[in-house]
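Peer 1: only geometry, no sequence info:
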């Protein structure tokens, strides 16, 4: 796997004549990624805020637009990824058709490889500062596994491609932001990963990244694990043995962090602005409140990369792929978030 080594200059903002240039990967070609990418390409409000470069199969994107009876902008250009961009765009960086036909609705080795190829190209563009950031469409971990890439997600892939020593996932909703201690592991494994050292490391890391990305001081609330955050160890000892000591250690270091708070109320408190960042202890502890309160309006950010990456709050939705009913709202939210963060 190609990796980009050494410190990249791209933590600095990539220059743009007016609006930031963003690479948008179309995601797994068997899922809804191409459809929602086309819907972004046709959205004049989105195109007025950035120079959008969709990385994917140009023929599939045009076929998708035709099937949906969507008129793509006359200004749409094919870009080779090497020459200087001209005009306001939008653009398609054509990765060519997959080696075999990819029917909608099912993950395959071919679709996984196509998605991975687009990710690598987008990373190269960001690394070379040809784009200010990347926005990723949904991919399938099953398809990546079938392609021999491993059953990992974007976060792990981007960490490997950039040799980033520590990365993390943050979800951004209109009401709150949340980071998560563990990602794509079983719940049983996630529980074993809740240790005071790992949690303290995440609190420090998330606070530093929050300050860098949003340019304000973090005030962090940490969720408990057990009902009522253990209620004095009546319902579990993780809070007393692991979580509270991690919080206390970070407070001694000057971090503005509080908790642990019952996981069923901490997001209410964050919505009321008691905190501007929540630390969740496992994947679904973060994503359930995100999707219940802001599905289609939220987006993800990968922390720790040498460039900005935002993403959708949903998966490939194979069950509706090819039907023309996919909602592009979250992808538009991810583009909008990327524009805000690269323009500030």
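Peer 2: Perfect, I can see it now. Quick caveat: nothing in here was measured; it's all calculated off a predicted structure.
Peer 1: Give me the buried positions along stretch 64-74.
Peer 2: Residues of stretch 64-74 classed as buried: 64, 65, 72 (neighbour count, 16 or more other CB atoms under 10 Å). Yep, even glycine has a C-beta here, placed from its N, CA and C like the rest.
Peer 1: you'd agree the second one is in a helix?
Peer 2: What it means is residue 65. Yes - when DSSP: H, G, I helix; E, B strand; the rest coil is applied, residue 65 is found to be in a helix.
Peer 1: Report the contact partners of it.
Peer 2: Residues in contact with residue 65 (CB atoms under 8 Å, 6 or more residues apart in numbering) are 38, 41, 42, 71, 72.
Peer 1: any low-confidence regions in the stretch 1-150 of the chain?
Peer 2: Along the stretch 1-150 of the chain, segments meeting pLDDT under 70 span 1-17.
Peer 1: can you list the contacts of residue 65 in TSV and add secondary structure?
Peer 2: Output for these, formatted as TSV (three-state DSSP):
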residue	secondary structure
38	helix
41	helix
42	coil
71	coil
72	coil
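Peer 1: nearest to residue 220, of these?
Peer 2: Taking CB to CB as the measure, residue 220 lies nearest residue 41 of those, at 37.8 Å.
Peer 1: Neighbours of the closest one, how many?
Peer 2: By other CB atoms under 10 Å, the residues close to residue 41 number 24.
Peer 1: Residue 257 now?
Peer 2: 25.
Peer 1: Quick check: mean pLDDT of stretch 227-247?
Peer 2: Stretch 227-247 shows a mean pLDDT of 88.
Peer 1: follow-up on the earlier one: I'd like to know which of the contacts of residue 65 is nearest to residue 249.
Peer 2: Checking these one by one against residue 249 (CB to CB), the nearest turns out to be residue 41, at 48.0 Å.
Peer 1: how near is the closest one to residue 279?
Peer 2: Per CB to CB, to the nearest Å, residue 41 is found 36 Å from residue 279.
Peer 1: would you list every one of the strands in the protein?
Peer 2: 21-25, 51-56, 77-79, 91-94, 133-136, 168-172, 177-180, 220-223, 257-261, 277-280, 299-303, 308-311 (DSSP state E).
Peer 1: for the last one, the distance to its chain's centre please.
Peer 2: Which is strand 308-311. 5 Å (CA atoms, centre = their mean, to the nearest Å).
Peer 1: Can we start the residue count at 508 from this point?
Peer 2: Sure thing, new numbering starts at 508, so read that last one as strand 815-818.
Peer 1: That one packs against which elements?
Peer 2: strand 640-643, helix 661-669, strand 806-810, helix 836-850 (3 or more CB pairs under 8 Å, 6 or more residues apart in numbering; DSSP states H and E).
Peer 1: need those in CSV with mean neighbour count and distance to residue 654, can you?
Peer 2: CSV is the format used below for the helices and strands packed on strand 815-818 (neighbours: other CB atoms under 10 Å; distance: least, CB to CB, whole Å):
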stretch, mean neighbour count, distance to residue 654
strand 640-643, 29, 17
helix 661-669, 21, 12
strand 806-810, 24, 21
helix 836-850, 21, 23
